[in-house]
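Asks: predicted coordinates and the sequence they were generated for:
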Amino acid sequence: MIGRFGRSLRPYLEHNRGPRWTAGFIALATLGIMLVLWWQVGEWYQRQLVADRRSEAALEVSLRGNVLSSILNRRFARLQGLYAFAQSQPDLETLDTNFEAFASALYQDSTGIKNMAIAPGGVMHNIYPIEGNESVFGYVPLDDPRPEVRADTLRAIETGQIIVSGPVDLLQGGTGIILRQAVYKEGAFWGLVNLAIDLPLLLTEAGVNATDGNLDFALRDGRGGIIFGSSRLFEADPVLNTIDLPEGIWELAAVPPDGWQATVQNTFLVFQASGLVIVFLLMSLIYLSVNRQSRLALAVQERTSELSMLNQQLVQSHQSLEQRVQERTHALSSLLEISYNLAENLELQSLLQVLLDQLELFIGYDGAVIFLMEEGQLVSAASRGAVPEILEGELQSETRSILYNYWEKTGWVGPIRSNFNNPFTPEEGANSLGGHESGPAWISIPLKLYDQFIGMIILSQADPDYYTARHEQLVMVVANQAAVTIENARLYQQARNLAVLQERQRLARELHDSVSQALYGIALGARTAHTLLSQEPEKAAEPLEYVLTLSDAALTEMRALIFELRPESLEKEGLLAALERQADVLRSRFGLTVETKWEEEPPLSLPLKEALFRVAQEATNNIAKHAAAGRVTIQLLQNGRQIALEIRDDGQGFNPNEAFPGHLGLRSMQERIEQVGGSFLIESKPGEGTCIRTVIPVG
């Protein structure tokens, strides 16, 4: 566009102002356009840098959140053990007799637990250890002067669930959280089981209150109460991780100490400065080029009459020029083909083989080797043809060292060429690289990206005078493109490895949160039934029913997780079977009422079925974790040439335009459906439930 604009104005400007004024005007116009582009690219690059930093921080917060969740779950397990013990004791006398032995075994190898206590009738009576906890004996949580403690105790009695209370000042000193659960016997409230946990020690074990990291952390409960850190951290656009509790959630937030922009400021300033230098260099080149062309055009016009006598020579020159243009066109088309072929490959080994193919067609060689830098060492990554002696055995290491040292010492970033008429003579190893009359010609090209040396290419040819300066130019262009595509292939592999790691972490969390908890409950129920069989056999039916219920739930959960590991089952069992299995998980694990509506297996390809299943999976997980719903409806309907999946719940709803737990999952669902050509719609308001509707065209 700039070229056409300049050519259209050049005759007018040259006629009125002269070549210098013309060149200056076009250069300034170009500068204005390039500055706008420079500014826009800089803004985009800064956003990308911040996004990358947030992704790194999100991974670290996720890891620390998982550690904190694991630590809390271990404490919940000990409270459930205390709960099972209290239920299994037939009377207070037996409880007093067995408590210390049981509590000492449960307390063993624990860290951060201030005390374990059982409160028959709501009065702290059995406490372990006694030492340091004398002030807790006889304490009545329902009479505590702190309203939040009384409210949490009432909620534990009313719900029968584990209630996390705190942070509070503990009676025995220090700051902590209290885990409480109500014990019911024969349908009536019997008492409470309690665990007092040292909060600073808990956070230290999870690595949340560390002061030597790159992130500041804060922790709050689902009602907005600050557990650790500053509330201002949640207003500074943090990355968040949700920690699920038996009743509610905690949110772990992290922000760099000086904010997100400060983390990328140095890199961004270097990028801006480099871009500005390039813009002004480009403007200078345009000025010099236009000025030179304008002067040449004027000179041609002044000497047209003189050159008319040399018409025949001009014709010959024209033919020669056409030949050069054809050669240049062929070279450019070949370079374009190389760029296309390299850009198509993201697998490193496949990319290197394509690169060797293109170099053979475009440059020509008898032997070729590609070395890549790995852990500070140049390693042979791919080779082709008859490899010359300079690249075999011990000489290979010597060859690489000589070339690499030469590039490092001289600062030269271009190729090195050696043949009979153009020998390469470095200060050390002058004759070890060939270049003799009887030896092969060779050319070596460094692979550099952002001033970082990532490898080299060496091509050899039996003809001792094969490679020329033109080959140097062509092979350097290819090497620049190859360096970028090789780095992209490496980054692609890293991204795939990270995705695999994240999926494994998710499955580990699912196993821990569902199957392992169910197995632990089965063990406790079985132990309770065993105790009752020896003491009160008529009461053993209730824990056995509890064991059977948990066994069915664990089996359903395990089948669902196996299905996630083997999504190819969609092709064998079908989408409807997968959706029904997901509905069973909601019923068995979360106690939700689930209604399903569909007719027959939809005529979709396997990728489309998998996309719909992943959306249903993510949507139902969000309902279970965040919606507080009681009823869920899953529908799969076909209307003409469209398949619609609709998932509706009667939960608390949310504002889709604001940040909320699970919003990253909704974004991934939308991106997944749009990638297969479908549409994604969310309908929700606070207090009115949520409806997620996905439509995919058939055929």
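Replies: Nice, I can see it. Residues are numbered from 1 along each chain as shown.

Asks: quick check on residue 242: phi, psi?
Replies: phi -90, psi 130 (degrees, to the nearest 10).

Asks: check contacts around it.
Replies: By Cβ atoms under 8 Å, 6 or more residues apart in numbering, residue 242 lies in contact with 65, 249, 250, 251, 252, 625, 661. (Each C-beta comes from the backbone N, C-alpha and C, glycine too.)

Asks: doesn't the fifth one belong to a strand?
Replies: Think residue 252. Yes: judged by DSSP: H, G, I helix; E, B strand; the rest coil, residue 252 forms part of a strand.

Asks: and residue 252, how far from residue 462?
Replies: For residue 252, the distance to residue 462 (Cβ to Cβ, to the nearest Å) stands at 65 Å.

Asks: among the contacts of residue 242, which pair sits farthest apart?
Replies: With Cβ to Cβ as the measure, no two of the contacts of residue 242 lie farther apart than 252 and 625, at 15.1 Å.

Asks: which of these two has more neighbours?
Replies: residue 252 (26 against 16; other Cβ atoms under 10 Å).

Asks: isn't that one right up against residue 67?
Replies: No: Residue 252 is beyond contact range of residue 67, at 10.2 Å (criterion: Cβ atoms under 8 Å).

Asks: how many other residues sit next to residue 149?
Replies: Neighbour count of residue 149, defined by other Cβ under 10 Å: 18.

Asks: pretty sure it contacts residue 141?
Replies: Yes: here residue 149 reaches residue 141: they are 6.1 Å apart, a contact under Cβ under 8 Å.

Asks: the nearest residue to residue 570 once chain neighbours are set aside: helix or strand, and which one exactly?
Replies: With Cβ to Cβ, 6 or more residues apart in numbering as the criterion, residue 570 has its nearest non-adjacent residue at 4.9 Å, and that residue is residue 609. Secondary structure from DSSP states H and E places residue 609 in helix 606-622.

Asks: partners of the helix or strand residue 647 falls within, with directions?
Replies: Counting by DSSP H and E, the element that carries residue 647 is strand 642-649. Taking DSSP bridges as the criterion, strand 642-649 pairs within the sheet with strand 631-639 (antiparallel), strand 690-697 (antiparallel).

Asks: could you dump those strands to CSV with mean pLDDT, mean neighbour count and distance to residue 107?
Replies: CSV is the format used below for the strands paired with strand 642-649 (pLDDT from 0 to 100; neighbours: other Cβ atoms under 10 Å; distance: least, Cβ to Cβ, whole Å):
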stretch, mean pLDDT, mean neighbour count, distance to residue 107
strand 631-639, 91, 17, 41
strand 690-697, 92, 19, 44
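
Asks: how about those strands, which one is nearest residue 370?
Replies: When these are compared by Cβ to Cβ, strand 690-697 sits nearest residue 370, at 43.5 Å.

Asks: so what touches the closest one?
Replies: Residues from elsewhere that reach strand 690-697, judged by Cβ under 8 Å, 6+ apart: 604, 608, 611-612, 615, 619, 623, 627, 641-649, 651, 653-654, 666, 669, 673, 676-684.

Asks: now these: which count as buried?
Replies: For these, a burial check counting by 16 or more other Cβ atoms under 10 Å picks out 604, 608, 611-612, 615, 619, 623, 627, 643-649, 651, 653-654, 666, 669, 673, 678, 680, 684.

Asks: which residues of the stretch 501-650 of the chain fall in helices?
Replies: Taking DSSP state H, counting those that start in this stretch to define them, one finds helices in the stretch 501-650 of the chain at 517-535, 541-565, 569-573, 575-590, 606-622.

Asks: pull the last one out as PDB, backbone CA atoms only.
Replies: Right, helix 606-622. C-alpha atoms of helix 606-622 as PDB (Å, rounded to 0.1, in the frame of the first residue of the first chain):
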ATOM      1  CA  LEU A 606     -16.600 -39.300  17.300                       C
ATOM      2  CA  PRO A 607     -15.000 -35.900  17.700                       C
ATOM      3  CA  LEU A 608     -18.400 -34.200  17.900                       C
ATOM      4  CA  LYS A 609     -19.700 -36.700  20.500                       C
ATOM      5  CA  GLU A 610     -16.600 -36.200  22.600                       C
ATOM      6  CA  ALA A 611     -17.000 -32.400  22.400                       C
ATOM      7  CA  LEU A 612     -20.600 -32.700  23.700                       C
ATOM      8  CA  PHE A 613     -19.600 -35.100  26.400                       C
ATOM      9  CA  ARG A 614     -16.800 -32.900  27.700                       C
ATOM     10  CA  VAL A 615     -19.300 -30.000  27.900                       C
ATOM     11  CA  ALA A 616     -21.800 -32.100  29.800                       C
ATOM     12  CA  GLN A 617     -19.000 -33.300  32.100                       C
ATOM     13  CA  GLU A 618     -17.700 -29.800  32.900                       C
ATOM     14  CA  ALA A 619     -21.200 -28.400  33.300                       C
ATOM     15  CA  THR A 620     -22.300 -31.100  35.800                       C
ATOM     16  CA  ASN A 621     -19.100 -30.700  37.800                       C
ATOM     17  CA  ASN A 622     -19.700 -26.900  38.100                       C
END
